[in-house]
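Participant: A structural model of the following input is requested.
(one chain, ligands or ions: 1)
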Amino acid sequence: MTTNYRHEIVGVFGDPVDENPTILMFEAAFKAKGLRWRYQNFHVRAEDLGAAMAGLRAMRFRGINLTIPHKIEGLRYLDRITPEAALIGAVNTVVRDGDALIGTNTDGKGFLMALKLNANLDPAGKRVVVLGAGGAARAIAVELALAGARHITIVNRTTQRGEALAQLINDKTPTRAEFAWWLGDYTLPEDADIIVNATNIGLYPHMNDKPGVNMDSIKPGMLVCDVVPNPPRTRFLIEATAKGAKTLDGLGMLVYQGAIAFTIWTGQDAPVEVMRQALSESVA
Ligand code: NDP
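Facilitator: Alright, predicted model coming up:
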């Protein structure tokens, strides 16, 4: 009988990283699937990312998630990146294939899966408003455009970032995009189908904060989404529900972006409900 005590290692490089709950859903998933894999939170400072990526290769980790502040800088240490990650300009998941490190971005794909599977909505032909133009907004806007959204309005406080994202979509995808400067309460276009808060407004511990949106412009036919995973029921979503809109929380996106990474790393289907349960308990 052969003996093997070695675990396959994956995890996340970030700073800060101690309170990142992703470990809970991966450890639960590995256990549920009977896999001898481990997920760890690694505190990697910005100036140490190169050394950490070399270590990942040397110790033959199977892959790594990259979170703040490494999602853009991480591009420098990869052998290949997927076309979507190149468009987004950031990676959140790396897989080692032999000696090659391949980067992808599962954030926007996780949002799309939540949209389709939890809200039963296909973005093709839809008019979308994205609040924010940071990393999460870029990933979501690019994937919505690639999935055939008709028109995307990027609403952002900082003009430069918002304009750059709208231009990216206009230049690189068939979707039409425009930028709207975020000043005071933003009034949604009447024909908007999907509204996404892709800022960190409302994130724990600032649960009373809400993005500046004229709530009277929210209509029952709209789907209002939030990327904030903790708390899942943000004040924005609670008030949108009161206006009669359907809502989609950020927990689903977090679960699905992890489920996609699980499959990339292990080659197996992810136990999505086990992962959702593990994460839900952490934010309860
Ligand atoms: P970034 O720092 O890259 O971007 C933050 C964005 O929010 C910017 O557009 C910024 O505007 C805007 N913003 C922040 N505060 C305010 C404010 N007070 N008023 C107006 N705009 C504001 O962050 P990320 O994109 O990486 O993360 C954003 C959120 O997405 C976080 O809450 C994170 O937890 C969540 N997230 C969720 C995921 C999930 O799976 N559910 C995955 C990834 C992220 P400006 O450009 O003007 O600074």
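
Participant: drop to CA atoms for contacts and neighbour counts, all remaining ones
Facilitator: OK.

Participant: could you find the closest non-adjacent residue to the spatially most central residue of the chain?
Facilitator: Nearest to the geometric centre of the chain sits residue 107, at 2.7 Å (Cα atoms, centre = their mean). Nearest non-adjacent residue to residue 107, counting by Cα to Cα, 6 or more residues apart in numbering: residue 257, 5.3 Å away.

Participant: can you check the pLDDT for the one you found?
Facilitator: You'll see residue 257 listed with a pLDDT of 98.

Participant: ok, then the element right after the helix or strand where it lies?
Facilitator: Assigned by DSSP states H and E, residue 257 belongs to helix 250-266. Using DSSP H and E, the next helix or strand after helix 250-266 towards the C-terminus is helix 272-283.

Participant: who touches that next one?
Facilitator: 21-22, 24-26, 28-29, 32, 230-232, 251-252, 255-256, 259 (Cα atoms under 8 Å, 6 or more residues apart in numbering).

Participant: could you check the angle it makes with helix 250-266?
Facilitator: Put simply, helix 272-283 runs at 130 degrees to helix 250-266, going by axes from the mean of the first three to the mean of the last three Cα atoms, to 10 degrees.

Participant: quick check: buried residues in helix 272-283?
Facilitator: For helix 272-283, burial by neighbour count (16 or more other Cα atoms under 10 Å) applies to 272, 274-276, 278-280.

Participant: identify, from the residues you listed, the entry nearest to residue 216.
Facilitator: Here the nearest of these to residue 216, counting by Cα to Cα, is residue 280; it sits at 30.7 Å.

Participant: before we move on, back to that, contacting the ligand as well, which ones from the contacts of helix 272-283?
Facilitator: Contacts with the ligand within the contacts of helix 272-283, counted by Cα under 6 Å from any ligand atom: residue 251.

Participant: the stretch 51-200 of the chain against the ligand: which residues are in contact?
Facilitator: Where the stretch 51-200 of the chain comes near the ligand, counting by Cα under 6 Å from any ligand atom, the residues are 107, 132-137, 156-158, 161, 198-200.

Participant: buried among those? Need that as a selection in PyMOL.
Facilitator: To isolate the buried members of these in PyMOL, using 16+ other Cα under 10 Å:
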select buried, resi 107+132+133+134+135+136+137+156+161+198+199+200
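
Participant: among the residues of the stretch 51-200 of the chain next to the ligand, which lie within strands?
Facilitator: Judged by DSSP state E, these include residue 156 as members of strands.

Participant: low pLDDT regions in the protein?
Facilitator: 1 (pLDDT under 70).

Participant: can you show me the strands along it?
Facilitator: Counting by DSSP E, the strands of the chain are 8-14, 37-43, 63-66, 80-81, 93-97, 100-104, 127-131, 151-156, 176-181, 194-197, 223-226, 246-248.

Participant: show me what the fifth one packs onto, helices and strands only.
Facilitator: This means strand 93-97. strand 63-66, strand 100-104, helix 250-266 (3 or more Cα pairs under 8 Å, 6 or more residues apart in numbering; DSSP states H and E).

Participant: one more time with 6 Å, if that's ok
Facilitator: Using 3 or more Cα pairs under 6 Å, 6 or more residues apart in numbering; DSSP states H and E, the elements in contact with strand 93-97 are strand 63-66, strand 100-104.

Participant: reformat those as JSON lines; add mean neighbour count.
Facilitator: Conversion of those to JSON lines gives the following (neighbours: other Cα atoms under 10 Å):
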{"stretch": "strand 63-66", "mean neighbour count": "26"}
{"stretch": "strand 100-104", "mean neighbour count": "21"}
